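Student: Kindly return the folded structure for what I paste below:
(one chain, ligands or ions: 1)
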Amino acid sequence: MMGSTSSAPETVSPTSSATNNSSHYPQSRGPRTFEQVPNINVSSGKAAPTNSNQAQSSSVNQGASTSGKNSQENVHVAHNPTTYQDGVVVFETFHQDSGDYPCIYLSRKRYYVKSSDDQVWLPFPEDLYSRGILTTGEIIDDEAFINAIQAQLSYSPSATESAAEPSTNVHNGTGGQIRHPTKGPVYTHLLEQSRYVHCFFDESSGSYVIMPLALELLSPDIANMVTQIQRRVDGWTDRNDILAALRASNYDVEDCIRNKYLTAYSPISLSSHASAADHNLLQAKERKIHDLELQLTQLRKTFESLRADLQEAVAQNNEMAPMISLLEDKNARLEVSLRMAQAQNKSLVQIERPKTAAHKGRIEAAAVKSLAHNASLFHESYSKLKKTVSSSFTDWDNLLSSAVAASKRLPSMTGLVSREEMTELKSLYRKECLERKLLYNKLQELRGNIRVYARCRRADDVTCVLQFPSDEEVHVKDVRGNMQRFRFDKVYTPSTTQEQVFEDTCPIVTSCVDGYNVCILAYGQTGSGKTFTMMGPRSNPGINIRAIQELLRLTDERQNMEYTLSLSMVEIYNEIIQDLLTAECNVVTAQQVGNNVTMQGLTTHIVNTTEDITELMNMGMTNRTVASTKMNSESSRSHLLIVLTVEGRDLTTQVRTKGTLTLVDLAGSERVAKSEVSGQQLVEAVAINRSLSALGQVFSALGKSALHVPFRNSKLTQVLQPSLSGDAKAALFVAVSPAELNLSETLSTLTFGSNAKQIELGKPKKNITKSK
Ligand SMILES: Nc1ncnc2c1ncn2[C@@H]1O[C@H](COP(=O)(O)OP(=O)(O)OP(=O)(O)O)[C@@H](O)[C@H]1O
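Tutor: From the prediction side, this is the model:
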């Protein structure tokens, strides 16, 4: 059933804390961190306050715990309200016949939200206690969390009325007061969404509004930061420019200066929308850096090994020095021995007088022989010594010369990478890392954004006035001849096929199998191709059929899961919701239960095969035509919603998931003035205009992260609330015509899409529960 999902959000808002249905409550939840401190936002909290029946069935408990979390819902009698000690914040719900109010008890005071439309926290009136009962939700004693809640209560205008003096600098310098040029003194606050957003509280709209640069510079804290950066970065004088950079750095002065340095002194800009050429250039540079780094590592290795060799040679030389002197010493001693032997020989010749000439000849021969032997021994030893010494010197010389040659070679090799080039490459590398980080963060942020695709329909008989410079851009000249440029997540030209369109949407669509709420909308003027994109002809189906077929295939494929798919189909015509899967097109009422919307009396049909879907869709489309004929209207003047609910159960873990896929073919968006209609057609056109403008206001409020999102301004937005609130994934197709005749509608449609692209829905959440 559309919008009846009661999910368990990861971040807890005051309303959700007090009212989670225990059967859908996650089994384990991590500790609450400061980042999870909720904005006190009645309408954006996902879980609905429990109705009085649920509250009545809870157990009565007067003595609620006052520390830590209490996931049990306790009921206490309202005219004797429980009080709590200081240092805790208690989320409660006040149940009475006319509806439920979310309440907060903090510092011995109780606040409540009377109307979720105006989001104002009011002091709880004494006389109200006797008219209902209070149930206690979570009790938190985390100091940072309590301070954040206190700060937000301080900013609630009615809550501040009862406070003595409004604080001018709350939340460690993140809030303050400035004098708005037209609105007078306004309170400002640095709201933390996925990053800090500096806002002021606009009493006329009752919401926080993002501050323009000029206004933000009036805040003394911000002005101080800007002056600090101005002083530290030479030549950076444009204060608006500095503030813009400061915002991009999430108000981190050091980060801002670092990013400025990198962008100003680096040849490549840090644009997160780098073109394909920039991307290729970056990749080529990255490869070059990688190669050069490898070369450098190799060179360092060679140098280190040569240096080691050189050190070894020097050490060997030092070791050899004593050996050489030893050998020289030995040599000297041998020479002395030789000389002594020669003298001895001489004296022997003189002493041993030969008796005969033959005797003299023998003595002389023996002496010569001994001398010759000694001399040859000496020569042998001398030449050995010489060889050793000279080979040592040769080794040492070789080592030395190779070390010298290597050290000569080194500068020529490192010259491959000049010092400047190296510095540039290093800075490029660092910047590239930073850019990758920025892109990654961007991607993370984008995950929570609504995806917007533009599609230009095919029309062979007209000249296309749109230009498609890339698959993310579309350019079109306005009536004054000025080129208007629009950027989307993807732009589809007239030649794009239905398969290609579905390819990009498929991952979002299929995530509903994992428990996400997914919504796909088609917006554009009549005849621009919305129905072609969503439903498509039988022979060439669009997203609706392809998506449901894909979901059937996926659910069939998962062996360990048991899935049930059910389908509903409604149309909203002149603010009346009709069930297209009943023969009489029964009127259905949208009922607000807290922050959820359910459609009372809507039929849902289980689907198992493609044939089931085709049959139901045909039935719905036939009923739509019959209904529109009865009312004498055209079916294209109503909004068509197909809601597919996918409920899964893991057969092993018993974890249950529930996701919904809402496929919306909106009525034509052309303006009343242009269509020049009257009578019933005028009533239709006014209803369409009203609901589409309500959709635009919802997008705009979501884009500004306003505390109040006006979902209740039309049936369409009311029914779509669960699909566009915090935990959903959404894609918007803006359909345009290529013809010059439709230029102004085309521009207005593309602008609508551009505005929707600013929206952050927050990180999508799965709807998972565990069976007992
Ligand atoms: N991309 C396309 N390729 C071929 N034909 C297309 C394409 N887009 C639309 N058409 C054709 O243009 C005509 C009008 O398209 P379609 O009915 O989808 O417009 P629409 O925006 O849904 O209009 P309405 O608001 O009246 O329902 C149809 O005949 C459709 O088949």
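Student: Please identify the pairing partners of the helix or strand encompassing residue 597 and their relative orientation?
Tutor: Using DSSP states H and E, residue 597 sits in strand 596-600. Strand 596-600 pairs in its sheet with strand 587-593 (antiparallel), by DSSP bridges.
Student: For the strand it pairs with, list every residue counted as buried.
Tutor: Buried residues in strand 587-593, counting neighbours by 16 or more other Cβ atoms under 10 Å, are found at 588, 590, 592-593. Placement of C-beta: from N, CA and C, glycine included.
Student: got any ranges where the stretch 401-550 of the chain has weak pLDDT?
Tutor: Residues of the stretch 401-550 of the chain meeting the criterion pLDDT under 70: 401-449.
Student: how about the residues of it near the ligand?
Tutor: For the stretch 401-550 of the chain, the contact set with the ligand under Cβ under 6 Å from any ligand atom comprises 457-458, 524, 526-532.
Student: from those residues, which would you call buried?
Tutor: Going by neighbour count (16+ other Cβ under 10 Å), those have 457, 524, 526-532 buried.
Student: by contact count, what packs against the helix ranked longest in the chain?
Tutor: Using DSSP state H, we find that the single longest helix of the chain is helix 276-351. Helices and strands touching helix 276-351, by 3 or more Cβ pairs under 8 Å, 6 or more residues apart in numbering; DSSP states H and E, are helix 357-414, helix 419-447.
Student: Tell me which of the buried ones among the residues of the stretch 401-550 of the chain next to the ligand fall in helices.
Tutor: Those of those lying in helices (DSSP H): 530-532.
Student: And these, which is closest to residue 704?
Tutor: The closest of those to residue 704 turns out to be residue 530 (Cβ to Cβ; 26.7 Å).
Student: Excluding sequence neighbours, find me the nearest residue to the closest one.
Tutor: Spatial nearest neighbour of residue 530, excluding adjacent residues (Cβ to Cβ, 6 or more residues apart in numbering): residue 522 at 3.9 Å.
Student: how many neighbours does the one you found have?
Tutor: The burial count assigned to residue 522 is 26, neighbours taken as other Cβ atoms under 10 Å.
Student: Please apply the same query to residue 456.
Tutor: 26.
Student: Residue 734 is in contact with residue 524, isn't it?
Tutor: Yes: the pair residue 734 / residue 524 is scored as a contact, 5.9 Å apart, by Cβ atoms under 8 Å.
Student: coming back round to it: could you dump the buried residues of strand 587-593 into CSV and include pLDDT and distance to residue 127?
Tutor: CSV is the format used below for the buried residues of strand 587-593 (pLDDT from 0 to 100; distance: Cβ to Cβ, whole Å):
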residue, pLDDT, distance to residue 127
588, 93, 38
590, 89, 32
592, 80, 26
593, 77, 26
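Student: Distance to the ligand added to these, as TSV?
Tutor: Shown next, in TSV, are these (distance: Cβ to the nearest ligand atom, whole Å):
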residue	distance to the ligand
588	22
590	23
592	29
593	32
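Student: wait, which of those residues is closest to residue 508?
Tutor: Distances from residue 508 to the buried residues of strand 587-593, taken by Cβ to Cβ, are shortest for residue 590, at 24.7 Å.
Student: Any idea what the closest one is bridged to?
Tutor: Beta-bridge partners, per DSSP bridges, of residue 590: residue 599.
Student: for it, what are its contacts?
Tutor: Residues in contact with residue 590 (Cβ atoms under 8 Å, 6 or more residues apart in numbering) are 3, 577, 597-600, 715, 718-719.
Student: Quick one: the strands in the stretch 651-772 of the chain, in order.
Tutor: 655-665, 728-736, 768-770 (DSSP state E, counting those that start in this stretch).
Student: what's around residue 504, how many residues?
Tutor: 15.
Student: what's the helix or strand for it?
Tutor: Using DSSP H and E, residue 504 falls in helix 498-510.
Student: For that helix, buried residues please.
Tutor: 498, 501-502, 505, 508-510.
Student: Check what pLDDT residue 333 gets.
Tutor: At residue 333, the pLDDT value in this model is 77.
Student: when you give positions from now on, start the count at 46
Tutor: Got it, first residue is 46 now, which makes that one residue 378.
Student: residues from this protein in reach of the ligand?
Tutor: Residues of the chain lying near the ligand (Cβ under 6 Å from any ligand atom): 502-503, 569, 571-577, 681, 713, 780.
Student: Would you tell me which one of these comes nearest to residue 649?
Tutor: residue 576 (23.3 Å).
Student: contacting residues around the helix holding residue 549?
Tutor: 496, 498, 500, 534-535, 537, 563, 565, 578, 581, 585-588, 591-592, 595-596, 599, 706, 774, 776.
Student: Just the buried ones among these, please.
Tutor: Counted by 16+ other Cβ under 10 Å, the contacts of helix 543-555 give 496, 498, 500, 534-535, 537, 563, 565, 578, 581, 586-588, 591-592, 595-596, 599, 706, 774, 776 as buried.
Student: So which of those residues belong to helices?
Tutor: Per DSSP H, those map to helices at 578, 588, 591-592, 595-596, 599.
Student: what's the farthest-apart pair in the residues you listed?
Tutor: Among those, 578 and 599 lie farthest apart (Cβ to Cβ), at 21.8 Å.
Student: domain ranges for this structure?
Tutor: Following automatic domain parsing, one gets these domains for the chain: 59-207, 225-309, 323-465, 493-815.
Student: re the thing from before, looking at the buried residues of helix 543-555, which is nearest residue 268?
Tutor: For the buried residues of helix 543-555, the nearest to residue 268 is residue 553 (42.6 Å; Cβ to Cβ).
Student: Roughly how far does residue 185 sit from the ligand?
Tutor: 50 Å (Cβ to the nearest ligand atom, to the nearest Å).
Student: How about residue 241?
Tutor: Counting by Cβ to the nearest ligand atom - residue 241 and the ligand are separated by 41 Å.
Student: Would you check that that residue makes contact with residue 297?
Tutor: No: at 9.3 Å, residue 241 does not count as touching residue 297 under the criterion of Cβ under 8 Å.
Student: Not counting its neighbours along the chain, what's nearest residue 511?
Tutor: residue 521 (5.1 Å).
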